[in-house]
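Participant: Show me how the following folds:
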Amino acid sequence: MVETAENFDVVIIGGGPGGYAAALYGAAAGLQVAMVEMEKVGGTCLHRGCIPAKELLETASVVRHVGDAEKFGVKVGPSELDFGVTMARKQQVVDQLFKGLTGLVKSRKITVFEGTGTLGADKKVTVTSSDGQTSEITGTDVILASGSVPRTIPGFEVDGTTVLTSDEVFQLDHLPARVAVIGGGAIGCEFASMMADLGSQVTVLEVLPQVLPGVDKDVVPTVLKAFKNRGIEVRTGVKVEGHEPGSDGGTTVRFGDGETVEVDAVIVSVGRRPLSDNLGLDGTGVKVDERGYIAVDEWCRTGEDGVWAVGDVVATPGLAHVGFAEAILVIKQILGEPAVPVDYSRVAWCIYCHPEVAFAGYSEEAAKEAGFDVVTSKHRWMGNSRALIVGETDGIVKVIAEKQADGTGGRVLGVHMAGPWVTEQLGQGYLAVNWEATVDEIAAFIQPHPSLSENFGETVMTLTGRGLHG
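Facilitator: Below is the predicted model of the structure:
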């Protein structure tokens with residue numbers, strides 16, 4: 001049975017960060033908005049990604065702090081992780097945020113259709129519910145924001161028990177004693193760091209010669225050193241060949257040149273693929289490339305007039321905040337307001353392993369490849385008073401700037417950090433890169449003392465030719 005079509009100003013397929021941001025921003029401007037979501041509003045980020053991952057990483061942080069308590073003169077007995085309580089708290093955080101988001105959606109009078117949305121000609125969206133019922137809606141504009149799902153690799157069929165992706169990790173009922181993480185990117189390093197701190201023996205297997213691709217060459221070694229000190233084995237330049245389940249419920253992973261590692265669980269963390277194969281698109285001008293990404297221009301316009309695409313379904317950085325930015329860009333255009341395309345080369349990247357990693361703009365290598373003559377400055381945390389006070393001195397702050405004729409720095413091209421709470425500190429570095437600030441301008445900022453943010457100020461000041469402590 002097909003219900004009579006309803007018409008809206010904007011119809012959005014997908015209720016993840018890109019989709020719900022477009023819905024909330026558009027509804028706040030008075031647009032009549034419909035959003036189609038096949039599971040729960042909030043998408044992967046809220047339910048199976050960013051939020052649960054960071055909640056478990058915070059539990060890992062608590063475990064580290066308790067373990068280091070005696071260094072501060074606080075004597076505690078042997079600590080023990082109650083994994084059930086850990087996972088319950090994770091779900092409580094997710095549920096609270098979900099409740100707040102759904103309440104906000106309702107208060108802005110956004111119509112939510114539960115089901116799978118497919119786009120046909122004339123911007124007609126068919127919604128198929130879980131029981132097979134269908135309804136049709138149309139929009140003056142349609143935004144495709146169907147998101148992504150974890151990639152898998154041959155030889156590692158996901159069973160939810162021994163072989164996991166990020167979807168299954170957050171449903172574990174116990175902590176695996178031995179874990180192999182396949183993939184050393186941002187997600188893989190977060191899982192490795194979290195699992196190790198909670199008590200697992202962790203091995204990271206990465207096919208590329210370096211973990212954390214895109215991160216500056218001077219930042220990665222500080223992460224690797226911290227990982228090594230916590231017993232995390234990182235193997236780079238190795239390809240996994242498959243695995244052989246054992247009688248005890250574990251499995252033996254084959255990798256490299258005939259090497260093996262016995263583990264209780266394998267976490268496949270090799271990126272995500274766009275979820276575009278269920279969007280229909282028959283009779284439209286929307287094009288999908290060979291990798292499954294929807295083709296868009298810099299304004300997020302597809303090949304069909306009035307149809308846009310945002311978030312993980314397009315080939316832009318797979319970051320929730322990028323989806324937010326793209327959503328706002330699209331709604332502004334729909335409203336006829338001034339808009340500026342997203343500059344993807346300058347977005348903020350945050351990785352929540354321990355130590356944290358955060359960066360914006362060019363790495364030193366990328367800046368040189370782009371033709372810039374650069375000068376750099378690096379400062380470690382050992383000389384920062386606040387870092388010593390909190391007991392977190394692993395890591396580095398590095399600033400890359402254009403080199404001036406006198407050898408000092410000019411415009412800031414990139415800021416790369418590893419260390420305590422750098423994901424919260426990147427703000428001033430991100431602003432510097434995006435506003436094309438010079439080191440002289442930034443050096444005039446007065447940094448609070450004692451603070452972790454002083455390290456960024458000191459690193460920039462050194463590029464003027466006159467630093468205080470370096």
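Participant: secondary structure class for residue 190?
Facilitator: Assigned by DSSP: H, G, I helix; E, B strand; the rest coil, the conformation of residue 190 is helix.
Participant: in this structure, which residue is closest to the centre?
Facilitator: Closest to where the C-alpha atoms of the chain average out (C-alpha atoms, centre = their mean) is residue 319, at 4.7 Å.
Participant: give me phi/psi at that one?
Facilitator: phi -120, psi 140 (degrees, to the nearest 10).
Participant: Show me the contact partners of the host helix or strand of residue 194.
Facilitator: Assessed by DSSP states H and E, residue 194 sits inside helix 186-198. Applying C-beta atoms under 8 Å, 6 or more residues apart in numbering, the contact partners of helix 186-198 are 53, 56-57, 59-61, 63-64, 81, 83, 86, 166, 169, 175-176, 179, 181-182, 184, 202, 204, 206, 211-212, 223, 227, 230-232, 234, 267, 269-271, 349, 351-354, 357. Using the backbone N, CA and C atoms, a C-beta is placed for each residue, glycine as well.
Participant: in the protein, which spans are helices?
Facilitator: 17-28, 43-48, 50-67, 83-107, 166-169, 186-198, 220-229, 320-334, 364-369, 385-390, 422-434, 439-443, 454-462 (DSSP state H).
Participant: average pLDDT for the first one?
Facilitator: When you say that, I think you mean helix 17-28. The average pLDDT within helix 17-28 is 98.
Participant: What are the buried residues along it?
Facilitator: 17, 18, 19, 20, 21, 22, 23, 24, 25, 26, 27 (16 or more other C-beta atoms under 10 Å).
Participant: Closest one of those residues to residue 39?
Facilitator: residue 19 (11.9 Å; C-beta to C-beta).
Participant: contacting residues for that closest one?
Facilitator: Per C-beta under 8 Å, 6+ apart, neighbours of residue 19: 12, 13, 35, 37, 43, 143, 145, 147, 310, 311, 327.
Participant: quick one: contacts for the fourth one?
Facilitator: Taking C-beta under 8 Å, 6+ apart as the contact definition, residue 37 lies against 14, 15, 19, 43, 112, 113, 114.
Participant: 7 Å instead?
Facilitator: 14, 15, 112, 114 (C-beta atoms under 7 Å, 6 or more residues apart in numbering).
Participant: Please indicate which of the residues you listed are buried?
Facilitator: 14, 15, 112.
Participant: Mind putting those into JSON lines with distance to residue 424?
Facilitator: Below are the buried ones among the contacts of residue 37 laid out as JSON lines (distance: C-beta to C-beta, whole Å):
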{"residue": "14", "distance to residue 424": "29"}
{"residue": "15", "distance to residue 424": "28"}
{"residue": "112", "distance to residue 424": "33"}
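Participant: Inside strands: which ones of these?
Facilitator: Those of the buried ones among the contacts of residue 37 mapping onto strands are residue 112, per DSSP state E.
Participant: of all the buried ones among the contacts of residue 37, which comes closest to residue 378?
Facilitator: residue 14 (41.3 Å).
Participant: ok, the residue nearest to that closest one when sequence neighbours are not counted - how many residues close by?
Facilitator: Excluding the flanking residues, the one nearest residue 14 by C-beta to C-beta, 6 or more residues apart in numbering is residue 145, at 3.6 Å. When neighbours are counted by other C-beta atoms under 10 Å, residue 145 registers 32.
Participant: who's in contact with residue 145?
Facilitator: Shown in contact with residue 145 (C-beta under 7 Å, 6+ apart): 12, 13, 14, 16, 18, 19, 22, 310, 311, 313.
Participant: Tell me the pLDDT of it.
Facilitator: 98.
Participant: again, but for residue 42
Facilitator: 96.
Participant: swap in residue 3?
Facilitator: In this prediction, residue 3 has a pLDDT value of 51.
Participant: so residue 334 touches residue 140, yeah?
Facilitator: No: counting by C-beta atoms under 7 Å, residue 334 does not reach residue 140; the two are 8.1 Å apart.
Participant: quick one, which of the two is more surrounded?
Facilitator: Comparing residue 334 with residue 140 by other C-beta under 10 Å, the one with more neighbours is residue 334, at 21 against 14.
Participant: which non-adjacent residue is nearest that one?
Facilitator: Closest residue to residue 334 apart from its sequence neighbours, by C-beta to C-beta, 6+ apart: residue 141 at 5.2 Å.
Participant: so how far is residue 417 from that neighbour?
Facilitator: 39 Å (C-beta to C-beta, to the nearest Å).
Participant: just residue 24 next, same as before
Facilitator: Applying C-beta to C-beta to residue 24 and residue 417 gives a distance of 31 Å.
Participant: same question, residue 227
Facilitator: 17 Å.
Participant: can you check residue 145 too?
Facilitator: Relative to residue 417, residue 145 is positioned 30 Å away (C-beta to C-beta).
Participant: swap in residue 389?
Facilitator: Separation of residue 389 from residue 417 (C-beta to C-beta): 18 Å.
Participant: OK, contacts around residue 120?
Facilitator: So residue 120 contacts 126, 280, 282, 283, 284 (C-beta under 7 Å, 6+ apart).
Participant: I'd say the last one and residue 123 touch.
Facilitator: No: Residue 284 lies out of contact with residue 123 (C-beta under 7 Å); the separation is 8.3 Å.
Participant: Quickly list what's touching both of the two.
Facilitator: Taking C-beta under 7 Å, 6+ apart as the criterion, residue 284 and residue 123 both touch residue 307.
Participant: follow-up on the earlier one: for the residue nearest to the centre of the chain, what are its contacts?
Facilitator: With contacts taken as C-beta under 7 Å, 6+ apart, residue 319 has the following neighbours: residue 347.
Participant: Neighbours of residue 201, how many?
Facilitator: 17.
Participant: Would you mind measuring from the nearest residue to it once chain neighbours are set aside to residue 193?
Facilitator: Closest residue to residue 201 apart from its sequence neighbours, by C-beta to C-beta, 6+ apart: residue 178 at 4.8 Å. Distance, residue 178 to residue 193, using C-beta to C-beta: 16 Å.
Participant: Looking at these two, which has the bigger crowd around it?
Facilitator: residue 193 (27 against 17).
Participant: gap between that one and residue 397?
Facilitator: Taken as C-beta to C-beta, the span from residue 193 to residue 397 is 20 Å.
Participant: So what's the residue count around the residue lying closest to residue 383 once chain neighbours are set aside?
Facilitator: Nearest residue to residue 383 in three dimensions, chain neighbours excluded: residue 469, at 5.9 Å (C-beta to C-beta, 6+ apart). Number of residues near residue 469 (other C-beta under 10 Å) recorded here: 11.
Participant: okay, residue 469: pLDDT?
Facilitator: pLDDT at residue 469 comes out at 76.
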